[in-house]
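**Student:** Predicted model and sequence follow; I will ask about them next.
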Amino acid sequence: LGDSPDWGPGPSLRYLAVLAETARDLVRRGRVLPQLVTEDGERAGRWRPVLTGRDATAFRDLAHAMPPVCRAATAEGDGTAARVLRDALGGLADAATRTLLPDRLLAGTRPGRRSALPDRWLHALTGDDAALPGAAPAAAAELDGELRAWFESARELEGPVRVCFRLMEPVGEEESWEIEFALQSTDDPSLYIPAERVWDGERLPGLPRRPDETLLAGLGRAARLCPELYSALRSPRPTGMIVDTAWAFTFLRHAAPLLQAAGYGVQLPAWAGRKGLGLKLTTRSRTGPKAAAAQGFGLKELVDFKIDLAVGDHTISEEELAELARLKVPLVRIRGQWVELDDQQLKAALKVVERRRSGEMTVSDVLNEVVEGEDEGLPLLEVDADGMLGDLLSGEPDRRLTPV
């Protein structure tokens, strides 16, 4: 067998692996809905992916990238990439949902044929067998109609233009935040028109015939996900909202992810979503960089270290941390920079402060700290090292160090 070729996965297998991971991601984000489908002449309960916004864009990219062998033959003779991809993604999403659901949607034994169709359907969504043989046509049509309406309402945002929400932080010493409403092109996000200009009658290429109606309809649907938006809809021409810091934090943590998953455009400050608090590790060679180079460099060498709490490029003192813990405000401004905090981060930071924050450790311990990348759940944001250890951690050790 020494002359046999090296076998490896072909493009189709690699493509299907990517597709399977896409299906799992949709399920993890809740982008699936239960439906009543027809398979081989019988009804069945299946989960189907809901593709809107960036998921719809990803679907188009996957269809374009599909290897020809994946669509070489289909039972119906329709071998278009979009059709094959839709069927494959649907099957993978259904399987992933059944795997991830921890319990039956309907407790008890499997309902018999004479049981109500909705009960049988609920059991089929998590059972080993998705089929619903002998479903009464009238009951199936009624349930199918309601489920299709539910599915279509979830896809209402799939179009050339979507409503966008832009969170703008306070300017200067102000404490008021602003949520700006706008229309945004789904294909070209740079085409962004604030609601105020929409109401002024401004027309740009790509806008629907009645952009004002598109804006109001989108805001109305968004209020189902973020009820706080209802107050803005009291105005006949809503353009945005002025909110306080607590509301802005709720929007960042809860409303923004829901709106994005539903296909809305969301623009947040550049710092949003980043870890608020982190650690900075500073080490210094005990004998100085020149002496360390002369004596050699090993894992057991001792260095002096200090661990500071950091917010972005700034370190904060124990007094500042204690003040943050006392205020219990989830969104604060530290030296001009807004930071998201929560109780978990503050408790972790207090634990780090209680432990020894300076002393000596071996080079091996330093490397372990860098590899693990966090302590008490706080990320290691920066390492400041001198000497040969600094060269090793510089990102370009091949230039600074000579292999032995």
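**Tutor:** Great, that's in hand. Numbers count the residues shown, from 1 in each chain.
**Student:** From now on I want contacts and neighbour counts done on CA atoms only, so please keep to that.
**Tutor:** OK.
**Student:** so Glu382, which of the three states?
**Tutor:** Assigned state for Glu382: strand (three-state reduction, DSSP: H, G, I helix; E, B strand; the rest coil).
**Student:** try Glu21
**Tutor:** Strictly by three-state DSSP, Glu21 counts as helix.
**Student:** Check the gap between it and Arg83 for me.
**Tutor:** The gap separating Glu21 from Arg83 is 19 Å, by CA to CA, to the nearest Å.
**Student:** Now do the strand or helix carrying Asp308: distance to the chain's middle.
**Tutor:** Using DSSP states H and E, Asp308 falls within strand 302-311. Here strand 302-311 is found 32 Å from its chain centre; the criterion is CA atoms, centre = their mean, to the nearest Å.
**Student:** same check, this time on stretch 383-395
**Tutor:** The answer for stretch 383-395 is 33 Å, by CA atoms, centre = their mean.
**Student:** Give me the buried positions along that stretch.
**Tutor:** 383, 385-392, 394 (16 or more other CA atoms under 10 Å).
**Student:** Stretch 166-184 too?
**Tutor:** Buried-residue list, stretch 166-184, by 16+ other CA under 10 Å: 166-169, 177-184.
**Student:** Generate a markdown table for the residues you listed, with distance to Val311, secondary structure and pLDDT as supplementary columns.
**Tutor:** Shown next, in a markdown table, are these (distance: CA to CA, whole Å; DSSP: H, G, I helix; E, B strand; the rest coil; pLDDT from 0 to 100):
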| residue | distance to Val311 | secondary structure | pLDDT |
| --- | --- | --- | --- |
| Arg166 | 24 | strand | 95 |
| Leu167 | 21 | strand | 93 |
| Met168 | 20 | strand | 91 |
| Glu169 | 18 | coil | 87 |
| Trp177 | 21 | strand | 90 |
| Glu178 | 24 | strand | 93 |
| Ile179 | 25 | strand | 94 |
| Glu180 | 28 | strand | 96 |
| Phe181 | 30 | strand | 96 |
| Ala182 | 32 | strand | 94 |
| Leu183 | 34 | strand | 92 |
| Gln184 | 33 | strand | 88 |
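**Student:** returning to what we had before: please work out the average pLDDT along the strand holding Asp308.
**Tutor:** Strand 302-311 carries an average pLDDT of 82.
**Student:** can you check stretch 134-141 too?
**Tutor:** For stretch 134-141, mean pLDDT rounds to 89.
**Student:** from now on call the first residue 49
**Tutor:** Okay, residue one is now 49; in that scheme the one you just asked about reads as stretch 182-189.
**Student:** With just CA atoms, put that stretch into PDB.
**Tutor:** As requested, the backbone C-alpha atoms of stretch 182-189 are provided in PDB (Å, rounded to 0.1, in the frame of the first residue of the first chain):
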ATOM      1  CA  GLY A 182     -54.100   9.000   8.500                       C
ATOM      2  CA  ALA A 183     -54.300  12.700   9.300                       C
ATOM      3  CA  ALA A 184     -57.800  14.000   8.600                       C
ATOM      4  CA  PRO A 185     -57.700  16.300   5.500                       C
ATOM      5  CA  ALA A 186     -59.800  19.100   7.100                       C
ATOM      6  CA  ALA A 187     -57.800  19.100  10.400                       C
ATOM      7  CA  ALA A 188     -54.500  19.000   8.500                       C
ATOM      8  CA  ALA A 189     -55.500  21.900   6.200                       C
END
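**Student:** What sits closest to Leu357 if chain neighbours are left out?
**Tutor:** Using CA to CA, 6 or more residues apart in numbering and skipping residues adjacent in sequence, the residue nearest Leu357 is Leu327, 4.8 Å away.
**Student:** what angle sits between the strand or helix carrying the one you found and strand 350-359?
**Tutor:** Leu327 belongs to strand 326-333 when assigned by DSSP H and E. With axes from the mean of the first three to the mean of the last three CA atoms, to 10 degrees applied, the angle from strand 326-333 to strand 350-359 works out at 160 degrees.
**Student:** Could you check which helix or strand contains Pro237?
**Tutor:** Pro237 belongs to no helix or strand, assigned by DSSP H and E.
**Student:** domain ranges for the chain?
**Tutor:** Per the record, the chain has its domains at 59-119+132-150+162-206, 209-315, 325-335+346-447, by the TED database.
**Student:** and the residue most central in space within the chain, which of the three is it?
**Tutor:** Taking CA atoms, centre = their mean, the centroid of the chain lies closest to Pro305, which sits 7.2 Å from it. Under the three-state scheme (three-state DSSP), Pro305 adopts helix.
**Student:** From Thr86, how far off is Ala179?
**Tutor:** As judged by CA to CA, Ala179 and Thr86 stand 9 Å apart.
**Student:** overlap in contacts of those two?
**Tutor:** Counting by CA atoms under 8 Å, 6 or more residues apart in numbering, the shared contacts of Ala179 and Thr86 are Ala92.
**Student:** Do me a favour and get the end-to-end distance for stretch 167-185?
**Tutor:** 16 Å.
**Student:** Helices along the stretch 99-248 of the chain, start to end?
**Tutor:** 102-113, 129-148, 165-172, 185-202, 243-247 (DSSP state H, counting those that start in this stretch).
**Student:** Run through the neighbouring helices and strands of the last one.
**Tutor:** In this structure, helix 243-247 packs against strand 225-233, helix 259-273, with contacts taken as 3 or more CA pairs under 8 Å, 6 or more residues apart in numbering; DSSP states H and E.
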